[in-house]
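Undergrad: Predicted structure and sequence below. I'll ask about it afterward.
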Amino acid sequence: MSISVIIWDLGGVLVRTEDPAPREALAEQLRVPRSALEEAVFSGDSGGRAQRGEIRVEEHWQNLRRMFELDDQGMQEFRALFWGGDQVDETLIEYIRSLREEYKIGLLSNAFSDLRNYVTSIWKIADVFDDLLISAEVGLVKPDPEIYQLALQRLAVPADQAVFIDDIPANVEGARRVGLHAICFNNPAQARAELESLIDGSKR
């Protein structure tokens, strides 16, 4: 059965930390390893709750402010440095736009409650997608099977007609267990080559 839907992860795929220096500077300033800093933001107790939509992102930032004993200005600097090296891959975005001539495009992201605003108003890339599925809005996170099933339902496609692309192996395996084709993103060229090979193979 041919591919009709392509679903993309956001962080680490479409938006990547191209310059690690700001985040590393923040970790040094706070005297913690960069890995511990990222864990606190993304996968600590507060970060996990924010990604599941149990708390708003503003509460998450306040939790981090208390954790690292920062004043308001310090928290502003924290956020500026933490995200300072992140960039939208505009070349990859344009490639995805070209795919819309033949395929539905979805976004499936474990993310905070403010992601939709970033996609629509700040990065201005919402036009790329037929559906934005954000974990904080639905109370589910990858690799929970239900979030992939919800993505398929919203895009009105059976699993074997969809491809999912993510940079985290556990999320890729989660998609495969639900029946989706899945690609583990390492870099844009590799992901594009694997996607095009998969699409070509599905047409035979």
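TA: Nice, thanks for sending it over.
Undergrad: Which parts of the protein are helices?
TA: 21-30, 34-38, 45-51, 57-67, 72-83, 90-99, 115-117, 135-138, 145-155, 169-178, 188-203 (DSSP state H).
Undergrad: Walk me through the domains of this structure.
TA: By the assignment in automatic domain parsing, the chain contains the domains 5-16+87-203, 19-83.
Undergrad: Could you dump the ones you listed into JSON lines with mean neighbour count and mean pLDDT added?
TA: In short, each C-beta sits where N, CA and C put it, glycine included. Listed next are the domains of the chain as JSON lines, based on neighbours: other Cβ atoms under 10 Å; pLDDT from 0 to 100:
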{"stretch": "domain 5-16+87-203", "mean neighbour count": "18", "mean pLDDT": "97"}
{"stretch": "domain 19-83", "mean neighbour count": "16", "mean pLDDT": "96"}
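Undergrad: Minimum distance to D127: which of the helices of the chain has it?
TA: Judged by Cβ to Cβ, the one of the helices of the chain that comes nearest to D127 is helix 90-99, at 7.7 Å.
Undergrad: From the contact counts, what lies against that closest one?
TA: Helix 90-99 sits against strand 5-8, helix 188-203, with contacts defined as 3 or more Cβ pairs under 8 Å, 6 or more residues apart in numbering; DSSP states H and E.
Undergrad: Now render these as CSV, adding distance to F129.
TA: Shown next, in CSV, are the helices and strands packed on helix 90-99 (distance: least, Cβ to Cβ, whole Å):
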stretch, distance to F129
strand 5-8, 8
helix 188-203, 16
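Undergrad: Among these, which comes closest to R154?
TA: So among the helices and strands packed on helix 90-99, strand 5-8 is nearest, using Cβ to Cβ, at 10.1 Å.
Undergrad: which residues touch that closest one?
TA: 14, 96, 99, 103-108, 151-152, 155, 157, 161-165, 180, 195 (Cβ atoms under 8 Å, 6 or more residues apart in numbering).
Undergrad: Any idea what the closest residue to G106 other than its chain neighbours is bridged to?
TA: Leaving aside its chain neighbours, G106 sits nearest to I7 (3.9 Å; criterion: Cβ to Cβ, 6 or more residues apart in numbering). Beta bridges link I7 to G106, F164 when assigned by DSSP bridges.
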